[in-house]
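[1] quick one: sequence and predicted model below, then my questions.
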Amino acid sequence: MHTTRRTLLAGTAAVATGALVGAPAAAAQARPAAGTKPTVVLVHGAFADASGWTEVARLLRCDGYPVIAPANPLRSVSADSAYLASILTTLPGPLVLVAHSYGGMVITNAANGNPNVKALVYVAAFAPDQGETLQGLQLQFPGSKLDEAALDFRPYPTPDGVGSVDGYVKPAVFRDVFAGDLPQATTDVMAATQRPGDVHTLLEPSGAPAWRSIPSFYLVARNDNLIPPAAQRFMAQRAGARTTEVTASHVAMISQPRATANLIKTATR
């Protein structure tokens, strides 16, 4: 029988598709060996990407923790939470979810209904209650420097034809707002490569919070110019989180990676 390149590719695609369809069920049935450390899932926020977790991931992996840092779509609270929840179903438990900034909204919703999630770790992150919004929590206490004047707005097309708008932190204020304790050369690159967030996420209400039933931990960044430290302490206390404070800007996981990794390891025990 003559096998053409097209036939070979079609067969390979069919096998791959079948494997993908069966992957969530297979993962859900998998059971970790006794003594296996939990998988740490690192979730980034807006104006950033998973590379912000690089040093934290390295420290955790050196201690034997499985780590995954998926891309956060940054399209809407509901869609981003559903996307992360779908990833979690492919991972054998136990799981510890760690989030920075807007990523806290995502894990708060995505962890619901997943018995494998054993702890939530918020790193200078939003930990909303039901019905709360990003904008409401950010403005509840004074001190945030992320306002409309600090953002560039760029429209983008959507599949439904309606279109939407992305927000970017202006390069001129990026370091002051986002990462004041990092070198200017570093923050210039971060500003140039930032991933924007859809502005509609600012007013989308959060769902029932997973922190009501899952133990939580919080790393407060004392010098945060995006989420005021008072707001972080308020959310941490309300969630009953075990709290640590560090002298850091909004990107505490970059400027204080060891303190971040240590809190995560505490949450895994």
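    Okay, I see it. No experiment lies behind these values; they were computed from the predicted model shown. Numbers count the residues shown, from 1 in each chain.

[2] compute the first-to-last residue distance for stretch 234-245.
    End-to-end distance of stretch 234-245: 13 Å, with CA to CA, to the nearest Å as the criterion.

[3] Three-state assignment for Asp129, please.
    Following DSSP: H, G, I helix; E, B strand; the rest coil, we place Asp129 in the coil state.

[4] find the nearest non-adjacent residue to it, please.
    Computed as CB to CB, 6 or more residues apart in numbering, the closest residue to Asp129 that is not its neighbour in sequence is Pro209, at 5.6 Å. The C-beta positions use only the backbone N, C-alpha and C, and glycine is treated the same way.

[5] do the same with Pro215
    Pro215 sits nearest to Ala119 (CB to CB, 6+ apart), 5.1 Å away.

[6] what's the strand or helix carrying that neighbour packed up against?
    Using DSSP states H and E, Ala119 falls within strand 117-125. Judged by 3 or more CB pairs under 8 Å, 6 or more residues apart in numbering; DSSP states H and E, the packing partners of strand 117-125 are strand 95-101, helix 103-110, strand 216-221, helix 229-238, helix 252-255, helix 257-268.

[7] for those, which one sits closest to Ala79?
    Between Ala79 and these, the shortest gap by CB to CB is with helix 103-110, which sits at 9.8 Å.

[8] would you confirm that Val56 contacts Leu263?
    No. The pair Val56 / Leu263 is not scored as a contact, 10.0 Å apart, by CB atoms under 8 Å.

[9] what about the two, which has more around it?
    Higher neighbour count among Val56 and Leu263: Val56, with 27 against 23, using other CB atoms under 10 Å.

[10] what sits against the closest residue to Leu97 other than its chain neighbours?
    Leaving out its chain neighbours, the residue that sits closest to Leu97 by CB to CB, 6+ apart is Ile107, at 4.3 Å. Ile107 makes contact with 41, 43, 84, 97-99, 120, 122, 210 under the criterion CB atoms under 8 Å, 6 or more residues apart in numbering.

[11] determine which two of the residues you listed are furthest apart.
    Of all pairs in the contacts of Ile107, the most separated under CB to CB is Leu84 and Tyr122 at 14.7 Å.

[12] which of the two has more neighbours?
    For Leu84 versus Tyr122, the count of surrounding residues by other CB under 10 Å is larger for Tyr122: 29 against 23.

[13] for that one, give its distance to Asp176.
    23 Å (CB to CB, to the nearest Å).

[14] now render the helices and strands packed on strand 117-125 as CSV, adding distance to Asp152.
    Listed next are those as CSV, based on distance: least, CB to CB, whole Å:
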stretch, distance to Asp152
strand 95-101, 18
helix 103-110, 22
strand 216-221, 24
helix 229-238, 24
helix 252-255, 22
helix 257-268, 29
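
[15] which one of these lies closest to Asp147?
    Once the helices and strands packed on strand 117-125 are compared by CB to CB, helix 229-238 is nearest, at 14.7 Å.

[16] may I see the buried residues of the helix or strand following the closest one?
    With elements assigned by DSSP H and E, the helix or strand that comes after helix 229-238 is strand 242-246. For strand 242-246, a neighbour-count test (16 or more other CB atoms under 10 Å) marks 243-246 as buried.

[17] check those residues and tell me the two furthest apart.
    Using CB to CB, these span at most 10.8 Å, a distance reached by Thr243 and Val246.
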